[in-house]
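Undergrad: Quick one, structure for this:
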Amino acid sequence: MVVLDSDIMIGILRDDTEAIKFMNKLDTTEERLNTTVINTYELFHGAILHPKQKDVLDKVNHLLRSCNILSFFPEASFLSAEISADLRKKGNIIDFQDIAIASIAISNGEKLVTRNIRDFSRIKGLKTEKW
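TA: Numbers count the residues shown, from 1 in each chain. The predicted structure follows:
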């Protein structure tokens, strides 16, 4: 089971051949596709700012219907605070959205599919797969 980060979902929305190829690979392994409520925010935010807002919002909604959306529940919230505090003590600052996405993935026992290995690799306990 995997959690799709915003970058691969944006790749799919933009018809990026590498993103589509990776998604086809997931289809053959019958991986259940998940994303997080934080990723939905990022996708909607980008769509709202896009010059072709309505078209992009339609594409985002269509893509999200194919995913199970994982919530930011209390366990993930606590884990997010722990991760943030640990990184801050080490002088490693990461965007809140990425910490929240990671905490949701970890709390659900899921692997995160992303290209942002540089930031996510600093989060202890998070399994990642680069697309």
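Undergrad: can you give me the helices in this structure?
TA: With DSSP state H as the criterion, the chain has helices at 6-13, 17-28, 37-49, 53-64, 74-89, 96-107, 117-120.
Undergrad: I'd like those laid out as TSV, including mean pLDDT and distance to K127.
TA: Every residue, glycine included, has its C-beta placed from N, CA and C. Formatted as TSV, the helices of the chain follow (pLDDT from 0 to 100; distance: least, Cβ to Cβ, whole Å):
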stretch	mean pLDDT	distance to K127
helix 6-13	98	15
helix 17-28	91	15
helix 37-49	98	17
helix 53-64	98	23
helix 74-89	97	14
helix 96-107	98	8
helix 117-120	95	10
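Undergrad: wait, which of the ones you listed is closest to L126?
TA: Minimum separation from L126 across the helices of the chain (Cβ to Cβ) falls at helix 96-107, 4.8 Å.
Undergrad: still on that earlier bit, tell me the most buried of the helices of the chain?
TA: Mean neighbour count (mean count of other Cβ atoms under 10 Å) peaks for helix 96-107 among the helices of the chain, with a mean of 23.
Undergrad: mind putting the helices of the chain in CSV, distance to T128 included?
TA: Output for the helices of the chain, formatted as CSV (distance: least, Cβ to Cβ, whole Å):
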stretch, distance to T128
helix 6-13, 12
helix 17-28, 13
helix 37-49, 14
helix 53-64, 21
helix 74-89, 14
helix 96-107, 9
helix 117-120, 5
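Undergrad: Quick one: distance of stretch 96-116 to the chain centre.
TA: Relative to the centre of its chain, stretch 96-116 is centred 6 Å away, using Cα atoms, centre = their mean, to the nearest Å.
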